[in-house]
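Okay, sequence plus prediction incoming.
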Amino acid sequence: PLFLYGAGHIGRALAPHLAALLLDLHWDDIEDSRFPAGFPDGVTRVVASDPTVIAAHAPADAIHLVITHSHALDEALCHRILSGTGFARLGLIGSATKAARFRSRLAKAGIAPQLLDRLVCPVGLPEIAGKHPARVALSIAAGVAIWQQELDEGR
């Protein structure tokens with residue numbers, strides 16, 4: 001299972017790629033209006049005023065991608081996932097500066113260093129550079145395909 005938090009421009013560009021990877025994709029946002037009219041087949045749309053509740057109930061083998069419109073929501077989601085019962089991978093969109101700021105705040109909130117080491121930010125492949133949504137989405141999807149392969153090989 002993969003939980004994608006955020007239906008903004010990056011989420012809209014990313015969801016079709018994730019659906020094509022045949023993941024059990026749960027696409028979550030706080031407002032129904034943020035989702036596109038056309039929706040990839042096999043994707044579960046989740047509208048939740050508090051996405052951390054969804055994160056708290058995700059299976060322990062889930063991949064989480066946090067790419068919301070809000071730094072505060074991104075941080076709350078990362079905290080919930082890192083302090084939960086387990087996760088396969090956790091990717092966060094952002095810069096190295098955002099990663100350092102989040103790691104510092106999450107450590108102060110009691111998240112153990114070994115868990116913070118599992119937070120991948122910026123998520124995606126560094127070889128695919130740029131800020132255009134299509135490039136960012138391809139970078140993240142390629143990284144997820146690698147994670148998917150690693151998880152499949154580990155079974």
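Cool, the structure landed.

Next, find the distance separating the residue most central in space within the chain from Leu115.
When CA atoms, centre = their mean is applied to the chain, the residue found nearest the centroid is Leu65 (0.6 Å). Here the criterion is CB to CB, to the nearest Å. By it, Leu65 lies 17 Å from Leu115. The C-beta positions use only the backbone N, C-alpha and C, and glycine is treated the same way.

that older thread, can you verify my assumption that the residue nearest to the centre of the chain contacts Phe3?
Yes - using CB atoms under 8 Å, Leu65 makes contact with Phe3 at a distance of 7.1 Å.

Where does the prediction get shaky in the chain?
155 (pLDDT under 70).

For the top helix by length along it, output the C-alpha coordinates as CSV.
The helix spanning the most residues in the chain, taking DSSP state H as the definition, is helix 133-153. Output in CSV follows, covering the C-alpha atoms of helix 133-153 (Å, rounded to 0.1, in the frame of the first residue of the first chain):
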residue,chain,number,x,y,z
PRO,A,133,5.6,19.3,-11.6
ALA,A,134,6.1,16.7,-14.3
ARG,A,135,9.9,16.4,-13.5
VAL,A,136,9.3,16.3,-9.7
ALA,A,137,6.6,13.6,-10.2
LEU,A,138,8.9,11.5,-12.4
SER,A,139,11.7,11.8,-9.9
ILE,A,140,9.5,10.7,-7.0
ALA,A,141,7.8,7.9,-9.0
ALA,A,142,11.2,6.6,-10.0
GLY,A,143,12.3,6.6,-6.4
VAL,A,144,9.1,4.8,-5.4
ALA,A,145,9.7,2.2,-8.1
ILE,A,146,13.1,1.5,-6.6
TRP,A,147,11.6,1.2,-3.1
GLN,A,148,8.9,-1.1,-4.5
GLN,A,149,11.6,-3.3,-6.0
GLU,A,150,13.6,-3.4,-2.7
LEU,A,151,10.5,-4.3,-0.7
ASP,A,152,9.6,-7.0,-3.2
GLU,A,153,13.1,-8.5,-3.0
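
Show me what counts as buried in that helix.
136-141, 143-145, 147-148 (16 or more other CB atoms under 10 Å).
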